[in-house]
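Novice: structure, please.
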Amino acid sequence: MTPEPATLLTLLESAASADVHLSVLDRGERATRLTWTELRERALTVAGGLQAAGIEPGQIVALVFPTGFDFLAAFFGTLLAGAVPAPLYPPARLGRLDEYHARTAAMLRAARARIVLVDGRVKRVIGPSILAGRPPLGCRELGDLPAGAFTPVAVAPERLGLVQFSSGTTVDPKPVALSHRALVAQARLLNAFWPDRPGHRHSGVSWLPLYHDMGLIGTVFLALERPGPLTLIPPELFIARPAVWLRTISRFRATLSVAPNFAYALCTRKVRDEEMEDVDLSSWDVAINGAETVVPAALRAFAERFARWGFRPEAVTPVYGLSEAALAVTFSDPWRSFAARTFDRAELAAGRAVERADGRELASVGRPLPSFGVRILDGGIAPLPDGRIGRIVISGPSLMDGYLGRPEATAAVLQDGWLDTGDLGFVLGGELFIAGRAKEILIVNGRNFAPEELERAVEAVAGVRPGCVVATSWLPDGEPTERVVLLVETSRDCRDAERAALPRLCAEAVLACAGLRPSEVVVLAPDTLPRTSSGKLRRREALRLHLAGELRPPRPVTGSLVIAAMARSSLALLRARLAGGTDDDG
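Specialist: Down below sits the predicted model:
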């Protein structure tokens, strides 16, 4: 039986009648709790204030908040007022505010934001973004909204429910327009995918930022659609002390938690045994891995490292999705160890998936969710058989309406109910494998190379900052073949002699891995490469900056510089480390 059409607001009304709590941890790991009923009351106050400020149904309200109840009150208050929330990321790197202001202003203009709601800390630094973005009603804290009685607004499932900016890994972020119907469909599909295990009530823990689709749709909306306990950890707290994530899962007996691949690798490297005292991870049924390339070796290492604390390998669940689908498209089977296979590198470069014992290892990201379709197309036109690499196109009940205010960009990717994801992949045995991005793939002498594979090979070189390597290519005028460029950030404690050897060592690592000799290896200072709002490297933007001569070379390392680098705040590291750009210097 098909569920009745619903909106996020009808789900909020239903959740408010359930006796469950939302919790937010502070830096001392103390939990502040609210019921959905209490959160709804806060949201009603925000809704009345927005209406009194002049916000009308259908208008866009930008939200710039750290993780906390103010974000949730502002989000649902915007919906109750009949308006549409557009979450944006707060500033994290105080040393790169010019880039932040330019990007935030561009998103405000793209979303046509009418007003920006912020917290006090954000308001102190966001002024230049507001001046350049020009929202007509300016920028306000929740306490600055005028007092006003709330007037209920009827919202249909087809109405816009969220403007979610795409990650902008390969291009500037686009405002993805998602309807209430699409968001509810996604939440229902995911919640139906993991039934309660006897004796374990469905509950979640997340440190993911709430401006990111995995943090918002993949955690908050799930707890809303199927009311259950949810505990939120500020991302900067996780980055500073990764063990907090695991301790919180144990403390609240969480069954579900979501994270990108780098978070599992970070815990494997950084969490000490003494930080795991009395931790029990046996309740963790679904450990979702998504939002970036899934590295099988990292997942195996995590499972082995934390097995003694009750973590089960079959909990690891690789997935595939994107903002334009309101999150997930394919899902690995629950209660089964994740699947990975190795493929001949030369055959992959030629567009064929042929298994070989000593080849490149790829993880399956599962099968399409119910009601979703996945096709592999040759050049975006003809369907390909199993084992052939092509463009991934998808259909399903939670696809975006389009890119807000960008009909040409929408038409370029969305036709007849099918979305061109821009990713390359293949299907084997009904399961999807991701081979790279169509717009980032390196093509040299007729062979295709996934940049992720080259980047991982370089990350193993001593002196390279993990997660801070870009492999890209460009075709100079008058030359017959592409030039492959490696842009490599040094670790913060990299010494001069070590740095001098990096170009040779990085080139040798790529040659050994893929049989490809890069044309150029550029060594950069830490925190130089551009990133998306969710912390992913922006390869095309990095290449543009490189060709324009705008990327910073490293300075000679002295003792005082090392001490200063090690003393920086964890908040300043957040954006880089969300993409796996984690140092080993603590």
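
Novice: tell me how far stretch 326-334 lies from the chain's centre.
Specialist: Centroid displacement of stretch 326-334 relative to its chain, using Cα atoms, centre = their mean, to the nearest Å, is 14 Å.

Novice: list the buried residues of that stretch.
Specialist: By neighbour count on 16 or more other Cβ atoms under 10 Å, the buried set for stretch 326-334 is Ala326, Leu327, Ala328, Val329, Thr330, Phe331, Ser332. C-beta here means a position set from N, CA and C on the backbone, and glycine is covered the same way.

Novice: Glu314: which of those residues is nearest?
Specialist: Comparing these against Glu314 with Cβ to Cβ places Ser332 closest, at 9.9 Å.

Novice: distance of Leu246 from Arg305?
Specialist: Per Cβ to Cβ, to the nearest Å, Leu246 is found 10 Å from Arg305.

Novice: shared neighbours of those two, anything?
Specialist: Cys267, Val271 (Cβ atoms under 8 Å, 6 or more residues apart in numbering).

Novice: pull out the buried residues from stretch 372-390.
Specialist: So for stretch 372-390, counting by 16+ other Cβ under 10 Å, buried means Phe372, Val374, Ile376, Leu384, Gly387, Ile389, Gly390.

Novice: contacting residues around the closest residue to the first one other than its chain neighbours?
Specialist: So that's Phe372. Of all residues beyond its chain neighbours, the one nearest Phe372 is Gly396 (3.7 Å), with distances taken as Cβ to Cβ, 6 or more residues apart in numbering. Applying Cβ under 8 Å, 6+ apart to Gly396 gives the contacts Ala325, Val329, Pro368, Leu369, Ser371, Phe372, Gly373.

Novice: Asp333 now?
Specialist: Neighbour list for Asp333: Gly366, Arg367 [criterion: Cβ under 8 Å, 6+ apart].

Novice: confirm it sits in a helix?
Specialist: No. Looking at Asp333 with DSSP: H, G, I helix; E, B strand; the rest coil, it is coil, so not inside a helix.

Novice: what's the spacing between it and Asp285?
Specialist: 13 Å.

Novice: picking that back up, dump the buried residues of stretch 372-390 to JSON lines, plus pLDDT, secondary structure and distance to Arg312.
Specialist: Listed next are the buried residues of stretch 372-390 as JSON lines, based on pLDDT from 0 to 100; DSSP: H, G, I helix; E, B strand; the rest coil; distance: Cβ to Cβ, whole Å:
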{"residue": "Phe372", "pLDDT": "96", "secondary structure": "coil", "distance to Arg312": "27"}
{"residue": "Val374", "pLDDT": "96", "secondary structure": "strand", "distance to Arg312": "28"}
{"residue": "Ile376", "pLDDT": "96", "secondary structure": "strand", "distance to Arg312": "32"}
{"residue": "Leu384", "pLDDT": "94", "secondary structure": "coil", "distance to Arg312": "36"}
{"residue": "Gly387", "pLDDT": "94", "secondary structure": "coil", "distance to Arg312": "31"}
{"residue": "Ile389", "pLDDT": "94", "secondary structure": "coil", "distance to Arg312": "33"}
{"residue": "Gly390", "pLDDT": "93", "secondary structure": "strand", "distance to Arg312": "35"}
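
Novice: that's all I had, so thanks and see you.
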